[in-house]
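Q: Okay, here's the prediction I keep looking at, along with the sequence it came from:
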Amino acid sequence: MPPYPPMVIPSPGSTVAFLLVVAAVAAMIVIGTHIAGRGEPGGQARRWVAGTAAALVVWLAVTAAVSASGVLEAPGVPPRAMLFMGACNLLALVLALSRVGGRLVRGVPIAALVGFQAFRLPLELVLHRWYAEGTLPVEMTFEGRNLDIVTGVLAMVVGLWLWRRGPSRSLVWLFNLVGFALLLNVAAVAILSSPFPFRVLDSGPPVLLVFYFPYGWILPMCVAPALAGHVLVFRWLWRERSR
């Protein structure tokens, strides 16, 4: 196994806060599936919700097992953690571009699609706490190179504005481009702070969350849903342009 240093395990309080963020993301996905079913036959809408909830349970179980098993620490090129990250994001893209994503784009108000990204605000506060506890390097926080907290704040402000005033393509474009760019930025910071041969950002402890349960859920339940959410908003923008 690679000589990865042991991670400083976050405090119980910050761990609970992280799990609440994960639970909130899962709940919003199920609620969005329910909202998208308005106007569908009752049985069909219920099957969508039940199927989504079941798929999330399986996804949570599988990704938890991957992080807890130690399989990601096995040597290999590219690192297995990178393959895990790629697989999570690829699945997010496939779902967002599929019939599943199309149903959400048609049935969920744009204010809700934008507001979904508000979970990134409490997540960034958790990451900052983990930095204070010695789990993460400063680069992974808003004191360093991670400005994703801006997306969380914008999601709340823009989402509320859209809910009260109605759709605005220019405002949605601005939000989505900023949020997507900041998501790419934090992903790059995480990769360059991880204990891989190409690590560049080494001013603090490496990013080891993916190797530990439940912290590995940050990839499949935070990063991947954020990516899927931006793709859904881009699909909404394309749909509005076509209309």
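A: Good, I have the coordinates.

Q: how near is V77 to A23?
A: V77 is 36 Å from A23, where distance means CB to CB, to the nearest Å. In short, each C-beta sits where N, CA and C put it, glycine included.

Q: Between those two, which has more neighbouring residues?
A: Taking other CB atoms under 10 Å, V77 and A23 do not tie; A23 has more neighbours (12 against 8).

Q: From V114, how far out is that one?
A: 21 Å.

Q: E143 now?
A: From E143 to V114 the distance is 26 Å (CB to CB).

Q: With S98 instead?
A: Counting by CB to CB, the gap from S98 to V114 is 21 Å.

Q: Any buried residues in the helix or strand in which W236 is found, and which?
A: Using DSSP states H and E, W236 falls within helix 224-242. For helix 224-242, burial by neighbour count (16 or more other CB atoms under 10 Å) applies to 224-237.

Q: Show me where this protein dips below the pLDDT cut-off.
A: For the chain, the stretches with pLDDT under 70 are 1-3, 242-243.

Q: ok, now with 90
A: 1-5, 38-43, 45, 70, 73-79, 195-204, 240-243 (pLDDT under 90).

Q: Looking at it, which helix is longest?
A: If you go by DSSP state H, the chain has its longest helix at helix 42-69.

Q: Tell me which stretches of the chain form helices.
A: 12-36, 42-69, 80-97, 99-107, 110-115, 120-132, 149-165, 169-192, 218, 224-242.

Q: Could you point out which of these sits nearest D202?
A: helix 169-192 (9.0 Å; CB to CB).

Q: By neighbour count, which bits of that closest one are buried? Give me those.
A: Neighbour counts over helix 169-192 (16+ other CB under 10 Å) mark 171-172, 175-176, 179-180, 182-183, 186-187, 189-192 as buried.

Q: what's the most distant pair in those?
A: Within the buried residues of helix 169-192, L171 and L192 form the most distant pair, 32.0 Å apart (CB to CB).

Q: Which of E143 and V114 has more residues huddled nearby?
A: A direct count of neighbours by other CB under 10 Å for E143 and V114 places V114 higher, at 29 against 11.

Q: show me what contacts the closest residue to the more buried one other than its chain neighbours?
A: Closest residue to V114 apart from its sequence neighbours, by CB to CB, 6 or more residues apart in numbering: G159 at 4.5 Å. Neighbouring residues of G159 by CB atoms under 8 Å, 6 or more residues apart in numbering: A111, A112, V114, G115, A118.

Q: and the gap between the third one and G86?
A: In this case it means V114. With distances taken as CB to CB, V114 is found 26 Å from G86.

Q: if we can go back for a sec, how about the helix holding W236 as CSV, C-alpha atoms only?
A: The C-alpha coordinates for helix 224-242 follow below in CSV (Å, rounded to 0.1, in the frame of the first residue of the first chain):
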residue,chain,number,x,y,z
ALA,A,224,-20.7,14.8,-8.3
PRO,A,225,-24.2,16.3,-7.5
ALA,A,226,-22.8,19.8,-7.8
LEU,A,227,-21.5,18.9,-11.2
ALA,A,228,-24.8,17.3,-12.2
GLY,A,229,-26.7,20.4,-11.0
HIS,A,230,-24.7,22.7,-13.2
VAL,A,231,-25.3,20.5,-16.2
LEU,A,232,-29.0,20.6,-15.5
VAL,A,233,-29.0,24.4,-15.4
PHE,A,234,-27.0,24.5,-18.7
ARG,A,235,-29.7,22.2,-20.2
TRP,A,236,-32.4,24.6,-18.9
LEU,A,237,-30.6,27.5,-20.6
TRP,A,238,-30.4,25.6,-23.9
ARG,A,239,-34.1,24.6,-23.6
GLU,A,240,-35.1,28.2,-23.0
ARG,A,241,-33.0,29.3,-26.0
SER,A,242,-34.6,26.8,-28.2
